[in-house]
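Peer 1: sequence? don't have it. structure:
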């Protein structure tokens, strides 16, 4: 594990100490669990599959007519 430093306001420090005592775990473990829970419970910025069809080109939507025309979309 990598050692790191965090800064807590006094109220958060008290809450951390109380949770460590209540759970019987070291404060570092309480922090690790809280970080894991926070990251796992957050919704991703994109829904599943979002961004799967990126063209790598900007402003494709503005060029939609040209893109469709060049692909011969809709021709029989």
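Peer 2: It's in. None of these values were measured; they are calculated from a predicted model.
Peer 1: So residue 17 sits against residue 27, correct?
Peer 2: Yes. Using CB atoms under 8 Å, residue 17 and residue 27 qualify as a contacting pair, with a distance of 6.8 Å. To be clear about C-beta, it is placed using only N, CA and C from the backbone, and glycine gets the same treatment.
Peer 1: And residue 62, how far from residue 68?
Peer 2: As judged by CB to CB, to the nearest Å, residue 62 and residue 68 stand 13 Å apart.
Peer 1: So residue 29: helix, strand or coil?
Peer 2: helix (DSSP: H, G, I helix; E, B strand; the rest coil).
Peer 1: What pLDDT is listed against it?
Peer 2: Here the pLDDT value assigned to residue 29 is 98.
Peer 1: Pull the number of nearby residues for it.
Peer 2: 12 (other CB atoms under 10 Å).
Peer 1: which ones are touching it?
Peer 2: When contacts are counted by CB atoms under 8 Å, 6 or more residues apart in numbering, residue 29 touches residue 20.
Peer 1: hmm, 10 Å instead?
Peer 2: In this structure, residue 29 makes contact with 20, 23, judged by CB atoms under 10 Å, 6 or more residues apart in numbering.
Peer 1: What is whichever strand or helix holds residue 17 packed up against?
Peer 2: Using DSSP states H and E, residue 17 falls within helix 10-23. When contacts are defined as 3 or more CB pairs under 10 Å, 6 or more residues apart in numbering; DSSP states H and E, helix 10-23 sits against helix 27-41.
Peer 1: Return the set of buried residues in the helix it packs on.
Peer 2: The neighbour-count check on helix 27-41 (16 or more other CB atoms under 10 Å) flags 30-31 as buried.
Peer 1: that older thread, residues in contact with the helix holding residue 17?
Peer 2: Judged by CB under 10 Å, 6+ apart, the contacts made with helix 10-23 from elsewhere in the structure are 6-9, 25-31, 33-34.
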